[in-house]
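Participant: fold the stuff below for me.
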Amino acid sequence: MTEPRRPDYLPEAIREKLIHDPRVAEQDLRVEVREHRVMVGGNVSSPQLKQRITEVAKELLPEYEVVNEVTVVPAAEPDGEEPVS
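Facilitator: Numbers count the residues shown, from 1 in each chain. Modelled structure (predicted):
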């Protein structure tokens, strides 16, 4: 990927690529770019998805350090049993 002429567009460009990449397809991610470092944050449902985010970000910007600050939040289980009537 070639870097956009305006570096302030880079975080949004990376975020869009992550949203549309079928390996990730995650919309609630935050992306920051500072001094050849890409920081990705947000919540995902599995450690595998977190790892794929790192892999895709490294593919998009191989010359950048990728800092994955994504939190794995397992899918919520129901808090109690529904009464059966």
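Participant: just after the longest helix along the chain, pick out the following helix or strand.
Facilitator: Taking DSSP state H as the criterion, the chain has its longest helix at helix 47-60. Sequence order places strand 65-72 as the next helix or strand after helix 47-60, per DSSP states H and E.
Participant: quick revisit: the longest helix of the chain to strand 65-72, inter-axis angle?
Facilitator: 160 degrees (axes from the mean of the first three to the mean of the last three C-alpha atoms, to 10 degrees).
Participant: what mean pLDDT would you report for helix 47-60?
Facilitator: Helix 47-60 comes out with an average pLDDT of 96.
Participant: for it, which positions count as buried?
Facilitator: For helix 47-60, a neighbour-count test (16 or more other C-beta atoms under 10 Å) marks 50, 52-53, 56-57, 60 as buried. C-beta here means a position set from N, CA and C on the backbone, and glycine is covered the same way.
Participant: ok, stretch 20-32 next?
Facilitator: Residues of stretch 20-32 classed as buried: 21, 24, 26, 29, 31 (neighbour count, 16+ other C-beta under 10 Å).
Participant: having no further points to raise, I will conclude here.
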